[in-house]
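> Need the 3D shape of this:
(one chain, ligands or ions: 2)
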Amino acid sequence: MADMRLIVAGAGGRMGRTLTRVISETPGAVLTGALEAPGSALLGKDAGVLAGLPENGVKLSADLWSLSANADGILDFTVPGATIANVAIAAQRGLVHVIGTTGLSASDDAVIKSVTGRATVVKSGNMSLGVNLLAALVKRVAQSLDENFDIEILEMHHKAKIDAPSGTAFLLGEAAAAGRGVDLHTHSARGRDGLTGARRPGDIGFASLRGGTVTGDHSVIFAGPFERITLSHHAEDRMLFAHGALKAAMWAHGKKPGLYSMADVLGLGDF
Ligand SMILES: NC(=O)C1=CN([C@@H]2O[C@H](COP(=O)(O)OP(=O)(O)OC[C@H]3O[C@@H](n4cnc5c(N)ncnc54)[C@H](OP(=O)(O)O)[C@@H]3O)[C@@H](O)[C@H]2O)C=CC1
Ligand SMILES: O=C(O)C1=N[C@H](C(=O)O)C[C@H](O)C1
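Ligands and ions are numbered 1, 2, ... in the order given. Take a look at the predicted model:
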């Protein structure tokens, strides 16, 4: 079978450079395009060199329409506005679209959903095996405990992260809410500050810390009367997410159109 031809969107970013390295080490995958923002100072630079590799001849471009003429998939770790612009082109070209971008709004999600009748999209706030396994465990524990156990989600990331709470925190919150049988939107507490009043029973709380170079730490705390259960994941290297994204792309290649999650890719759906 021919190699899967991949475009990295956000090729100059932290995840983009990591993806370029992981693709170069992965049999069955080849980098054919590198997308960056219009006006970026990195346009025209070599994606291999930016990733700390020898030159690979793939120059950063802002023209996804042209790049996508010779591609099977796009790995998209950018910003919401870029991802939403990419969705339409990926769908029109029939590319697998792996979306790792976080900070997407409800209306962004609706746009993504609207193309999945004809596009194959894998979207997840976290592409690692460990976090997706953690989400399955959180769902199970939330199923077993009643509202006497308050659920709090704590995340910490590097100081350059621009969105909060993290996509992973929402993924874990959704898992907890599903286990509890409640709607996360009507059962969350975010951004506590000042005279907040007592905790509302049944809420799922979120707290975000930012600093240093932390790749990504997440804990889900079940705080009950006189005892606490804490389930945690600590990401030590972005390679983790890049390997997951590549696995998702290769899994989705040839799959029928639809919106898939990492739980689908990893076979954790019935966990
Ligand atoms: N799901 C997962 O497993 C993971 C998700 N993420 C998410 O991925 C996203 C990126 O993270 P990270 O790599 O750390 O961030 P960076 O800021 O390092 O990278 C984002 C890149 O996207 C570029 N970009 C901006 N606009 C466009 C555009 N229109 N077209 C193409 N590229 C564009 C930026 O360019 P410029 O700087 O010039 O604006 C930048 O190079 C975040 O949302 C993050 O939360 C991160 C890790 C894992
Ligand atoms: O911005 C990051 O770095 C990360 N973003 C994702 C998120 O928002 O959860 C995944 C990972 O934690 C790293």
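> And for residue 190, the neighbour number?
15 (other Cβ atoms under 10 Å). Bear in mind the C-beta positions are built from the backbone N, C-alpha and C, glycine included.
> show me what contacts it?
165, 205-206 (Cβ atoms under 8 Å, 6 or more residues apart in numbering).
> Could you rerun that using 7 Å?
Taking Cβ atoms under 7 Å, 6 or more residues apart in numbering, we find residue 190 in contact with 165, 206.
> and what of residue 65?
Applying Cβ under 7 Å, 6+ apart to residue 65 gives the contacts residue 89.
> Next, it: secondary structure please.
helix (DSSP: H, G, I helix; E, B strand; the rest coil).
> Any part of stretch 233-244 near ligand 1?
Yes. Stretch 233-244 lies within reach of ligand 1 by Cβ under 6 Å from any ligand atom, at residue 241.
> Need the contact partners of that stretch.
Against stretch 233-244 from outside (Cβ under 7 Å, 6+ apart): 14-15, 18-19, 22, 100, 127-131, 134, 215-218, 262.
> rerun at 6 Å
The contact list for stretch 233-244 (Cβ atoms under 6 Å, 6 or more residues apart in numbering) reads 18-19, 22, 127-128, 130-131, 134, 215-218.
> and it, which residues are buried?
Neighbour-count burial for stretch 233-244 flags 233, 235, 238-244 (criterion: 16 or more other Cβ atoms under 10 Å).
> got the CA coordinates for it in CSV?
In CSV, the C-alpha atoms belonging to stretch 233-244 read as follows (Å, rounded to 0.1, in the frame of the first residue of the first chain):
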residue,chain,number,x,y,z
HIS,A,233,-2.1,11.7,34.0
HIS,A,234,1.2,13.5,33.4
ALA,A,235,2.4,14.0,29.8
GLU,A,236,6.2,14.2,29.6
ASP,A,237,6.8,14.9,25.9
ARG,A,238,4.7,16.1,23.0
MET,A,239,5.8,13.1,21.0
LEU,A,240,3.0,11.3,22.9
PHE,A,241,0.3,13.4,21.2
ALA,A,242,2.1,13.3,17.8
HIS,A,243,2.2,9.5,17.8
GLY,A,244,-1.5,9.4,18.7
